[in-house]
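> Fold the stuff below for me.
(chains A, B, C and D)
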Number of protein chains: 2
Amino acid sequence: MLSISPKSQNMRRTKEEAEQTRNAILEAAVDVFTEKGVARATLEQIAKAANVTRGAVYWHFKNKTDIFMALHDELHRPFIQDLVDGLENTDDDPLESLKSYCIEMVTRIEDDLYLRRVLSLFLLKCDYTGSLQVCQERTIDARREKSEVLSKFFEKAQSRGTLSADLDPKTLTLALSCFIRGIAMEYLENPDSFSIREEAPKLFNVFFRKWN
Amino acid sequence: MLSISPKSQNMRRTKEEAEQTRNAILEAAVDVFTEKGVARATLEQIAKAANVTRGAVYWHFKNKTDIFMALHDELHRPFIQDLVDGLENTDDDPLESLKSYCIEMVTRIEDDLYLRRVLSLFLLKCDYTGSLQVCQERTIDARREKSEVLSKFFEKAQSRGTLSADLDPKTLTLALSCFIRGIAMEYLENPDSFSIREEAPKLFNVFFRKWN
DNA sequence: GACAACATACATACATGAATGTATTTTAAA
DNA sequence: TTTAAAATACATTCATGTATGTATGTTGTC
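Numbers count the residues shown, from 1 in each chain, chains lettered A, B, ... in the order given. Predicted structure coming up:
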């Protein structure tokens, strides 16, 4: 967690220091949001966790929703984008590389503690009613993009004969999306119930077993 | 939505009328919770939706958490129990009956509007931080019970030779749980993105395709 | 390069509303 | 008569947003 420089209070910061403050607030927000839940988290708690006052928070952000959306933009969408990129940069056996990419990706959820917190925040610690609805609508676009990339994988596999032609790529895409989502949800909700690192290879072996 | 009998306000009700009032409050709570989200919903809104005052609400329930837990007990856990029962009452080809049961179950999510609202409420419209944490802990037990029933299915299939012996029933159970969860989440979050009624058979055909 | 003029980056103080919980009252059922 | 099932009234808390203060960074000007 970033902590702003120990200037005696109420001294004007330089541009870089201000940027640091902004980041500290965002990081503090992740902590407070995941601990209290977005709805129950107060700006006072976030400010305190970032070692600033609510004044600083209101300087950098309009309100709680604005903070959440900033996090959403900076963390969630890049995550999906990263996923898309990872999918596009594979060119050998499509299904095999897709499989190992999936395993790698969900394993990161267990290994990368920060990713885990952030995903938990967006998937578990908030509901997208009210002012947060717009965030969800934005991710829908990103998800459709993701689905299109996935589809191409299955199509490529079909054209190479690795995948039976009578299976619908759209269906497989939907199935895989649901599967990944379910794994993430079940793990985040109860991380002690199973180890992704151990189970992910088995799980995706089940999903990607002989298709033709 | 139940509406209590049109007695001129402030008349004492009979026991049955009181029970009706309680139910009206619970039904109103489902509506308000799903529309506003549990955190943003107020007791005033719930009372108004049930055609009573906050006084009635506080007579029947301690607070908002108490209402939520009552709903949780009356709706969510029976749903899981129903699932367990449905699984136990099949005795022919285990995998085939498991498959059709899965299809039936998720299809209900699209067809049964009330089920949809309730599931949406518990899966999407609340976060289980703070006072709602206990609810989540309770479902964890129910889920483990569900998993054990599922496991037995795969074990039975193995003993009958329908399922390769080198596949771990535990893994298959986890996979199926995640898959179902993911389907429910994706659909509830964006019901327009696909039709469960059309896709469920295809999806579970993918999952349950030749195992041996 | 010094200095005024201004903008920036906050902290502090305050006003407000909204939701909650409780205390009191009302009416009729038991 | 007592008590259940509410309605009504009230006090309190709490988070929010905003207004204001303030000291310093920044920038144009000479």
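
> first vs last residue of stretch A:154-173, how far apart are they?
Chord length of stretch A:154-173, first to last residue, is 8 Å (C-alpha to C-alpha, to the nearest Å).

> just stretch A:154-171 next, same as before
10 Å.

> Any idea how many residues pack against residue A:160?
Residue A:160: 11 surrounding residues under other C-beta atoms under 10 Å in any protein chain shown. (Glycine included, C-beta is placed from N, CA and C.)

> Report the secondary structure element holding the residue of chain A found nearest DNA strand C.
Chain A approaches DNA strand C most closely through residue A:55 (2.0 Å), counting by C-beta to the nearest atom of the strand. Assigned by DSSP states H and E, residue A:55 belongs to helix A:54-60.

> Please apply the same query to residue A:202.
Under the criterion DSSP H and E, the helix or strand holding residue A:202 is helix A:196-207.

> For the very next helix or strand once past the helix holding residue A:55, give the mean pLDDT please.
For helix A:54-60, the following helix or strand on the C-terminal side (DSSP H and E) is helix A:64-71. Helix A:64-71 shows an average pLDDT of 95 in the prediction.

> packing partners for helix A:64-71?
Packing partners of helix A:64-71 (3 or more C-beta pairs under 8 Å, 6 or more residues apart in numbering or on different chains; DSSP states H and E): helix A:15-36, helix A:133-159.

> what's the domain layout of chain A?
Split into domains by automatic domain parsing, chain A comes to A:1-61, A:71-207.

> Name the residues of chain A found near chain B, please.
Residues of chain A found near chain B (C-beta under 8 Å from any C-beta of the partner chain) are A:35-40, A:124-130, A:136, A:140, A:167-168, A:171-172, A:174-175, A:177-183, A:185-186, A:189-190, A:193-194, A:199, A:202-203, A:206-207, A:210.

> before we move on, the earlier item: comparing the domains of chain A, which yields the minimum mean pLDDT?
Looking at the domains of chain A, the bottom one is domain A:1-61 with a mean of 82.

> Now stretch A:42-59: buried residues?
A:43, A:45, A:46, A:47, A:49, A:50, A:51, A:52, A:56, A:57 (16 or more other C-beta atoms under 10 Å in any protein chain shown).

> Any chance of the backbone angles for residue A:190?
The phi/psi pair for residue A:190 (degrees, to the nearest 10) reads phi -150, psi 80.

> Let me see the contact set for it.
Taking C-beta atoms under 8 Å, 6 or more residues apart in numbering or on different chains, we find residue A:190 in contact with residue B:140.

> got the contact list for residue A:84?
A:145, A:146, A:149.

> Would you check how far apart residue A:77 and residue A:128 are?
Using C-beta to C-beta, to the nearest Å, residue A:77 is found at 15 Å from residue A:128.

> Which of the residues of chain A next to chain B fall in helices?
Counting by DSSP state H, those place A:35-36, A:136, A:140, A:171-172, A:174-175, A:177-183, A:185-186, A:189, A:199, A:202-203, A:206-207 in helices.
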